[in-house]
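Q: sequence and predicted structure below; questions after.
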Amino acid sequence: MTFDGWGEIAIKTQKGNPLGATLIFLFLFITGLIVLNLIIAVICDAVSNAGEDVKEKIHGSFDEDDDEVDSEETMKLVRERMLGIEEQLDSLEQLQERNIHTLEYLARQLKQRKNAHSLTRPY
């Protein structure tokens, strides 16, 4: 139910019956409530069928031991990712140093060619 085009239908029915638009509005309101209730029922059913561990995490009452295990695993993953990032930063730093040296070399070559060209060029 998309509620598309209901305005045109309401105008057409209001021409024939003054209460037509009101009836369409009531129909749309009631069917909207029904659809909303169906969506809420599906969510409630999914929560009731969920396992106990999921329910405990949703309601916030879970064992601290489980939390410590999760936090230890999380910390281990974070450390591994940090080491990986540090390695990437080191390689980027080396690459940047090589680029700087290359640019300096190219700048020197350009100056030498410019000087050589200006010396050989007659005025």
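A: Okay, I see it. Numbering: from 1, shown residues only.
Q: just checking, Thr13 touches Thr22?
A: No: contact between Thr13 and Thr22 fails when scored by CB atoms under 8 Å: they sit 9.7 Å apart. The C-beta positions use only the backbone N, C-alpha and C, and glycine is treated the same way.
Q: neighbour count winner among the two?
A: Shown here are Thr13 and Thr22; by other CB atoms under 10 Å, Thr13 has more neighbours (16 against 13).
Q: the residue lying closest to the more buried one once chain neighbours are set aside and Leu83, how far apart?
A: Leaving out its chain neighbours, the residue that sits closest to Thr13 by CB to CB, 6 or more residues apart in numbering is Gly20, at 3.0 Å. Gly20 sits 71 Å away from Leu83, going by CB to CB, to the nearest Å.
Q: strands of the protein, start to end?
A: Ranges of strands in the chain, per DSSP state E: none exist.
Q: which stretches of it form helices?
A: Taking DSSP state H as the test, the helices found in the chain are 6-16, 20-49, 52-59, 64-120.
Q: TSV for those helices, including mean pLDDT?
A: TSV is the format used below for the helices of the chain (pLDDT from 0 to 100):
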stretch	mean pLDDT
helix 6-16	77
helix 20-49	85
helix 52-59	66
helix 64-120	84
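Q: sorry, back to before: which residues touch the residue nearest to Thr13?
A: Counting by CB atoms under 8 Å, 6 or more residues apart in numbering, Gly20 touches Ala10, Thr13, Gln14.
Q: wait, which of those residues is closest to Glu72?
A: Set against Glu72, the nearest of the contacts of Gly20 by CB to CB is Ala10 (61.8 Å).
Q: how deep is the closest one tucked in, by neighbour count?
A: The tally of other residues near Ala10 (other CB under 10 Å) stands at 17.
Q: that one against Leu23, yeah?
A: No: counting by CB under 8 Å, Ala10 stays clear of Leu23, with 9.1 Å between them.
Q: what residues are shared contacts of those two?
A: Counting by CB under 8 Å, 6+ apart, Ala10 and Leu23 have no common neighbour.
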